[in-house]
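Chemist: Quick one: sequence plus predicted model below, questions after.
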Amino acid sequence: MSDRICVGAFAGSFGVAGEVRLKSFCAEPEAIADYGPLYTEDGARSFAVQLTRPVAGGLGARVTGIATKEQADALKGVSLFVDRARLPGLPDDEYYHSDLIGLEARDTGGVSLGRVTAVHNHGAGDLLEIEGGAKAMLLPFTLAVVPTVDLAAGRIVVDLPEGLD
């Protein structure tokens, strides 16, 4: 488990007065502004963010120290992280993506399938990318396919769908 969680990214400028377009990865997109300063992945820079309005593809925001379109454009692609302790706790059956990455995946018979290397969501639900076994695979992160997540033991149990075993 990481000390920081990626909660969004700058997606470029919005307008000409230094406003930025912000992509939020939070379940409630506007919550990104509630977690205090946001940091770059290495922690070298921090940003105070004030949301201004919804915009196409994200949220409009003002960022301390950013006053021009060129400065806002220079932030495009920068991922934003927040200290894990500032995030709300989750119910027992929900997980932050960063908690799942790195977990060992085993089938219901105990055979190792590899490790979770990424969690993707293209709009139809989360997919776990598992690599390191005989073949890489993408599996839906559903209770039917992943009946057990054991963060303390560092593993998940996968009930492989027919045809993938």
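Modeler: That came in fine, so what should we check first?

Chemist: Give me the helix or strand of the protein that scores worst on average pLDDT.
Modeler: helix 97-100 (a mean of 89; mean pLDDT, DSSP states H and E).

Chemist: tell me, how many neighbours does residue 84 end up with?
Modeler: Neighbours of residue 84 under the rule other C-beta atoms under 10 Å: 14. For every residue, glycine as well, the C-beta is placed using N, CA and C.

Chemist: Tell me the backbone dihedrals of it, please.
Modeler: phi -60, psi -40 (degrees, to the nearest 10).

Chemist: ranges for the strands of this structure?
Modeler: 4-13, 20-24, 38-39, 46-47, 49-55, 58-63, 79-83, 104-107, 112-121, 126-132, 137-140, 148-150, 155-158 (DSSP state E).

Chemist: right, and residue 121 touches residue 127 too?
Modeler: Yes: using C-beta atoms under 8 Å, residue 121 makes contact with residue 127 at a distance of 7.1 Å.

Chemist: ok, residue 104 - contacts?
Modeler: 112, 114, 115, 154, 155, 156 (C-beta atoms under 8 Å, 6 or more residues apart in numbering).

Chemist: What separation do you get for it and residue 111?
Modeler: Going from residue 104 to residue 111 by C-beta to C-beta, to the nearest Å gives 11 Å.

Chemist: Also residue 82?
Modeler: 37 Å.

Chemist: Name the residue in these two with the higher neighbour count.
Modeler: Per other C-beta under 10 Å, whichever of residue 82 and residue 111 has more neighbours is residue 82, with 20 against 13.

Chemist: got a pLDDT number for the residue lying closest to that one once chain neighbours are set aside?
Modeler: Distances taken as C-beta to C-beta, 6 or more residues apart in numbering place residue 35 nearest to residue 82, at 4.2 Å, with adjacent residues excluded. pLDDT recorded at residue 35 is 91.

Chemist: With residue 122 instead?
Modeler: pLDDT, read off for residue 122, is 80.

Chemist: burial measure for it, as a count.
Modeler: Counted by other C-beta under 10 Å, the residues lying close to residue 122 total 7.

Chemist: do residue 136 as well
Modeler: 12.

Chemist: low-scoring stretches of the chain, by residue?
Modeler: 1-2, 133, 164-165 (pLDDT under 70).
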